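> any chance you can model this:
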Amino acid sequence: MGFFTDTSVCIGCKACEVACKEWNAVPADALDLTGMSYDNTGGLGADNWRHVAFIEQRRPLGSARTGVSHDDVDVLALAEQGSGTPPEQAPMTPTSPPTDRPPQPDGRTELRWLMASDVCKHCTEAACLDVCPTGSLFRTEFGTVVVQEDICNGCGYCIPACPYGVIDQRKDDGRAWKCTMCYDRLGAGMEPACAKACPTDSIQYGPLDELRERADARLATLHDAGVDDARLYGRDPTDGVGGDGAFFLLLDEPETYGLPPDPIVTTRDLPSMWRRVGLAAGALAAAAVAAFVTTRRSR
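Purely as a prediction, here's the structure:
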C-alpha cells in the first residue's frame, strides 16, 4: 500500500498537515511564516509528518494562457454593486475576460504556484531499517515503514541514513519520529488521515500497482494538455531506493521541490564494505600468524 500525491491539483490548503497532527497527536509547531512564502512549517521533521511546500514561479503552466488583462473593466464601479452582480453584467466581472477578445499573454509570464504535500517516502529499500540497532523501525504488513517510539533509544543513526532527510529527533525526548502512514487506521480498514482530509484528492491512498497505473494515466493527460514538465518522482521500482511507497507527480524538476534528483539508499555499499573489512582483518591476522611463526623459527 502507498501514497500517490498529484501536485497538479494541490491547492495548498494544509488540511493534510492538520489532519495528520490531530490524528497522530503530533505537537503543534510555531505559526510564524518563513518570510519566503506562505509556508509556516519549512520542511518535514519530528513534529511535521506532512509538509505542504509553496513555490512561486514566474512562468505559465504548460500551454496555459497567462497575463489576462482587465484594463477596460471599471473594477471600482463593479465593486460598488457588491456581490450581487446582475446577470446581464456577469460577463464583465473582473474574474472573467472580456467576451469580445480572447486572453492574450502579450509575452508576459505571470506568477504561478507550485504546491506539494511532502511526506516520508516509505522506501522499498529503506536505509533507516538497516541501521536501526533496536528494531524500533520495522516493515509492516502493508509494506510501510514505522517507528516504534517506545523501543527507540534515540541513537539517531536513522537520521543521516535517510536519503530524503525525513526522520528527525524530537528535542524534548530525543527519539526519532516520522510518518507511519496512519498504521493504526490501516489496520482498521481506514485510509490515512491526510488522504481522507484532502479535498481535491491530491493525496491518494491504495495498492501501489493501482496507484502507478493511475499516475501513468494522469501524466499522459497532462502531457497531452501541453504540460511537458510534468513527471513522476519515486514511481520507478528500479531506482536507487527500489521505488517509493509514497511517490509524486511533479510539475518541475525535483530540486525545485527540495527533493534529491537521484536518491540512493545510503546503505547500499555496506555489504561490500564489510567484506573488505573482513578481508583486511583476515590479512592482518594471517600476517600476525606468519610473523609469530617466523620469529619462533628464528629462535
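> where does the stretch 101-250 of the chain have low pLDDT?
Within the stretch 101-250 of the chain, the segments meeting pLDDT under 70 span 101-110.
> all strands of it, in order?
111-119, 137-139, 145-147, 168-169, 176-177, 203-206, 231-233, 246-250 (DSSP state E, counting those that start in this stretch).
> redo the ones you listed as JSON lines? Include mean neighbour count and distance to Thr267.
To be clear about C-beta, it is placed using only N, CA and C from the backbone, and glycine gets the same treatment. Converted to JSON lines, those look like this (neighbours: other C-beta atoms under 10 Å; distance: least, C-beta to C-beta, whole Å):
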{"stretch": "strand 111-119", "mean neighbour count": "21", "distance to Thr267": "21"}
{"stretch": "strand 137-139", "mean neighbour count": "17", "distance to Thr267": "12"}
{"stretch": "strand 145-147", "mean neighbour count": "23", "distance to Thr267": "14"}
{"stretch": "strand 168-169", "mean neighbour count": "19", "distance to Thr267": "19"}
{"stretch": "strand 176-177", "mean neighbour count": "22", "distance to Thr267": "16"}
{"stretch": "strand 203-206", "mean neighbour count": "20", "distance to Thr267": "28"}
{"stretch": "strand 231-233", "mean neighbour count": "19", "distance to Thr267": "21"}
{"stretch": "strand 246-250", "mean neighbour count": "24", "distance to Thr267": "20"}
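> can you put those in JSON lines and add distance to Lys196?
Converted to JSON lines, the strands of the stretch 101-250 of the chain look like this (distance: least, C-beta to C-beta, whole Å):
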{"stretch": "strand 111-119", "distance to Lys196": "13"}
{"stretch": "strand 137-139", "distance to Lys196": "24"}
{"stretch": "strand 145-147", "distance to Lys196": "19"}
{"stretch": "strand 168-169", "distance to Lys196": "24"}
{"stretch": "strand 176-177", "distance to Lys196": "21"}
{"stretch": "strand 203-206", "distance to Lys196": "8"}
{"stretch": "strand 231-233", "distance to Lys196": "23"}
{"stretch": "strand 246-250", "distance to Lys196": "16"}
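> for Ala53, find the nearest of these.
Set against Ala53 and scored by C-beta to C-beta, the strands of the stretch 101-250 of the chain come closest in strand 111-119, at 4.9 Å.
> which residues of this structure fall in helices?
Assigned by DSSP state H, the chain shows helices spanning 15-24, 75-80, 127-131, 158-161, 183-187, 193-197, 208-224, 270-298.
> center of the chain - which residue?
Asp118 (2.8 Å; C-alpha atoms, centre = their mean).
> what's near enough to touch it?
Contact analysis of Asp118 by C-beta atoms under 8 Å, 6 or more residues apart in numbering lists Gly43, Leu44, Arg50, His51, Val52, Ala53, Tyr257, Gly258, Leu259.
> and the first one, what does it touch?
The one in question is Gly43. His51, Asp118, Gly165, Gly258.
> same question for the last one.
Leu259 is in contact with Asp118, Tyr164, Tyr233, Phe248, Leu250, counting by C-beta under 8 Å, 6+ apart.
> which of those residues sits closest to Thr295?
Tyr164 (54.2 Å).
> okay, the closest residue to the closest one other than its chain neighbours and Thr5: tell me how far apart.
Take Tyr164 and drop its neighbours on the chain: the residue closest to it by C-beta to C-beta, 6 or more residues apart in numbering is Lys121, 5.6 Å away. Separation of Lys121 from Thr5 (C-beta to C-beta, to the nearest Å): 11 Å.
> now the common contact residues for these two.
With C-beta under 8 Å, 6+ apart as the test, Lys121 and Thr5 both reach Ala246, Phe247.
> what's the burial count for Pro237?
Neighbourhood size, Pro237 [other C-beta atoms under 10 Å]: 12.
> ok, it touching Gly245?
No: judged on C-beta atoms under 8 Å, Pro237 makes no contact with Gly245 at a distance of 10.7 Å.
> what do the two both touch?
With C-beta under 8 Å, 6+ apart as the test, Pro237 and Gly245 both reach Thr124.
> picking up where we left off before, can you lay out the contacts of Gly43 as TSV showing distance to Tyr38?
Below are the contacts of Gly43 laid out as TSV (distance: C-beta to C-beta, whole Å):
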residue	distance to Tyr38
His51	13
Asp118	15
Gly165	22
Gly258	16
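> kindly indicate the member of those with the most neighbours.
Result: Asp118 is most packed of the contacts of Gly43 (other C-beta under 10 Å), 25 neighbours.
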